[in-house]
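> one predicted model, sequence on top.
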Amino acid sequence: MHLSLATADLSYLKMYLREALPSVSASSRLEAAARGFGFNTYSGFRTALSEGPNRLHVLSAGFLGHLKERPFDEDQRLFPRIVLRAKLRQTLEAAPQLTMHGFGVPPRRFSDSRSINEIRKQSRAEFFHDRSCDELELALLLLQRCNKIKTLNRKIGSYSLKHRAENISRMYDIRTDLGNYVSNGAFIAAAMIDGFTVKQIEYGNLNGYLNISSKSLKPFQRPTTRETIAQCLFGQSELIETTI
């Protein structure tokens, strides 16, 4: 997974590092994060961001390697989730209407006594759950293999696209560590994080259109094979279950 990071992301990154690793010193957390982005030192990482946004590879092995001598339960998903939470904060601030359902919330059921605002608040909080961060990464696995175009692609919406992301794991057993479900809102948030333009299809519609190339989506279109998907994702026919 590659993500674009800028100096503005640092405050949120520090916050989620502290939340995940309260027993680790601040300096060790930051040095581990720097190695998780491929830098030798936190100073080098800060200098790179000061020169402008950088698209960086998220490397769990580098992050965990710096922490291996400390009292710490090794979790390969920890660092990607921390970074995705940091990116989510700015994304959700820029899109106040976005929920896990998409643009807004579906109509309340008769038995639901909560207000629309309560439903929206709860749904937005769910973005930061572990399972939701994994949904984001599964969506990014597809999105980062697709090209951006100048205009919105109105032939396919976010709800159909999220199914194609799910199929990477569900149908082809690739990156099963990420689960096999992607909510509509998680897919839209992932697209925004990765720099796609996303517009609500119409007022009241939960789904959105992206400036995504139909041609680059073809390898993910059924019928296809596991080998074709692996080739598209990893550039080789040999299947790689987990990339760190």
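Good, I have the coordinates. Numbering: from 1, shown residues only.

> for the helix or strand where residue 44 lies, give me every contacting residue.
Using DSSP states H and E, residue 44 maps to helix 42-50. Residues outside helix 42-50 that contact it (CB atoms under 8 Å, 6 or more residues apart in numbering): 5-7, 9-10, 27, 30-31, 33-34, 37, 39, 54. Backbone N, C-alpha and C define where each C-beta goes, glycine included.

> list the buried ones in the following helix or strand past that helix?
The helix or strand immediately downstream of helix 42-50 is strand 54-57, counting by DSSP H and E. By neighbour count on 16 or more other CB atoms under 10 Å, the buried set for strand 54-57 is 54, 56.

> the longest strand seen in the chain pairs with which strands, parallel or anti?
In the chain, with assignment by DSSP state E, the single longest strand is strand 148-157. Sheet pairing of strand 148-157 (DSSP bridges) gives strand 208-212 (antiparallel).

> chain center to the next helix or strand after the strand it pairs with: distance?
Scanning forward in sequence from strand 208-212 by DSSP H and E, the next helix or strand is helix 214-217. Helix 214-217 has its C-alpha centroid displaced from the chain centroid by 20 Å (CA atoms, centre = their mean, to the nearest Å).

> can I get the CA coordinates of helix 214-217 in PDB?
C-alpha atoms of helix 214-217 as PDB (Å, rounded to 0.1, in the frame of the first residue of the first chain):
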ATOM      1  CA  SER A 214     -12.800   1.800 -17.300                       C
ATOM      2  CA  LYS A 215      -9.900   0.300 -19.200                       C
ATOM      3  CA  SER A 216      -7.800  -0.100 -16.100                       C
ATOM      4  CA  LEU A 217     -10.800  -1.800 -14.400                       C
END
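
> can you list the neighbours in contact with that helix?
Residues outside helix 214-217 that contact it (CB under 8 Å, 6+ apart): 145, 146, 147, 153, 155, 156, 161, 164.

> mind checking what helix or strand follows that helix in sequence?
Counting by DSSP H and E, the next helix or strand C-terminal to helix 214-217 is helix 226-234.

> can you pull out the low-pLDDT segments for the chain?
Confidence mapping of the chain against pLDDT under 70 gives the ranges 69-74, 109-111, 236-244.

> show me where it has helices.
Applying DSSP state H to the chain gives helices spanning 10-20, 26-36, 42-50, 60-67, 78-94, 116-125, 130-143, 158-170, 184-193, 214-217, 226-234.

> could I get the contacts of helix 42-50 as TSV with distance to residue 194?
Converted to TSV, the contacts of helix 42-50 look like this (distance: CB to CB, whole Å):
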residue	distance to residue 194
5	12
6	14
7	19
9	14
10	20
27	31
30	25
31	27
33	20
34	22
37	17
39	22
54	14
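
> of those, just say which sits nearest to residue 188.
Using CB to CB, residue 9 is the member of the contacts of helix 42-50 that lies nearest residue 188, at 19.5 Å.

> tally of neighbours for residue 40?
Neighbourhood size, residue 40 [other CB atoms under 10 Å]: 11.
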